[in-house]
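Engineer: Quick one, fold the following:
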Amino acid sequence: MNEPLNKASIINRLAKVHAYGAYLELCTATAGHRYSEIDTRVLTGRRLLYNCPEGFDDGMKIDYRSPDIDITECLESIQREGRSFDIALIDPFHDYETSLRDLDAGFGLIREGGILVVHDCLPRKADIAGPKFRSGEWCGVTYQAFIDFVNTRGPLDFYTVDTDYGCGVIRKRGHLKPIEKIGRWASQVRNVIYPGAKSELMRQWTGSQENHNRRFELLQAHDKTLLNLISVEDFLATERLPDR
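Structural biologist: This next block holds a predicted model:
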């Protein structure tokens, strides 16, 4: 592969490997940016953009849009249409609650055996991993929502590809109960029992929920464990294209 692997090329590869056809992109107007790179020979896409001003136009079709952070009407439109998807990109507004909401919403829209690809799961610099919006480069705390989600919502399988700010991959299997209320998330996390050597790390992780600096330190020290981090080479070897 001549160009570095990014979220769009990961989606395209997964679609080919798993014979996916229906794609959803759930992003803000200032996230995503690679919809034009999705392989339309393989995938039929729909795009949901929020925080999307009325006059916003990037030259690509927007199927569902919201001018602010609320995506309720967009989700209702998808439900009325009876749509579900094989694979979806979640590239949210990067605060915790919105990231977690988008993970939950996206996961509810993919079929069993489908995949979520989540962007910005591995920020490498503390100044881009803060909880409050900053213009320019900003991964926020999506990584925290991703780690909490995959460690409390089983059964599911996940890993994170060490490229393009960290691309989390979550595969859906079984039935998961949706989050009833974001405010209850802290108690849900604290009540999880983790097996083996991971239990002490997760005790530290869940105990530092309101301490963003500590959580970033834990991410940097234990990224392989917290994220099931794999290299690009391992991703390409694991998600192998079918022989022609």
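Engineer: Can you name the next helix or strand after the longest helix anywhere in the chain?
Structural biologist: Looking across the chain with DSSP state H, the single longest helix is helix 96-109. Sequence order places strand 110-118 as the next helix or strand after helix 96-109, per DSSP states H and E.
Engineer: which helices and strands does that next one pack with?
Structural biologist: helix 7-18, strand 85-91, helix 96-109, strand 167-172 (3 or more C-beta pairs under 8 Å, 6 or more residues apart in numbering; DSSP states H and E). Yep, even glycine has a C-beta here, placed from its N, CA and C like the rest.
Engineer: Ranking the ones you listed by mean neighbour count, which comes first?
Structural biologist: strand 85-91 (a mean of 26; mean count of other C-beta atoms under 10 Å).
Engineer: Pull the distance from it to the chain's centre.
Structural biologist: Here strand 85-91 is found 8 Å from its chain centre; the criterion is C-alpha atoms, centre = their mean, to the nearest Å.
Engineer: ok, that strand: who's next to it in the sheet?
Structural biologist: In the sheet, strand 85-91 lines up against strand 22-28 (parallel), strand 110-118 (parallel) (DSSP bridges).
Engineer: Quick one: closest of these to residue 136.
Structural biologist: Closest approach to residue 136 among these (C-beta to C-beta): strand 22-28, 14.5 Å.
Engineer: which of the residues in the helix or strand that the closest one is followed by are buried?
Structural biologist: The first helix or strand that comes after strand 22-28 along the chain, using DSSP H and E, is strand 44-50. Of the residues in strand 44-50, 45-50 count as buried by neighbour count, 16 or more other C-beta atoms under 10 Å.
Engineer: so what strands line up beside strand 44-50?
Structural biologist: Counting by DSSP bridges, strand 44-50 is paired with strand 22-28 (parallel), strand 64-65 (parallel).
Engineer: Pick the most buried one from the ones you listed.
Structural biologist: Greatest average neighbour count among those goes to strand 22-28 (a mean of 24), per mean count of other C-beta under 10 Å.
Engineer: Could you figure out how far that one is turned away from helix 7-18?
Structural biologist: Relative orientation of strand 22-28 versus helix 7-18 (axes from the mean of the first three to the mean of the last three C-alpha atoms, to 10 degrees): 160 degrees.
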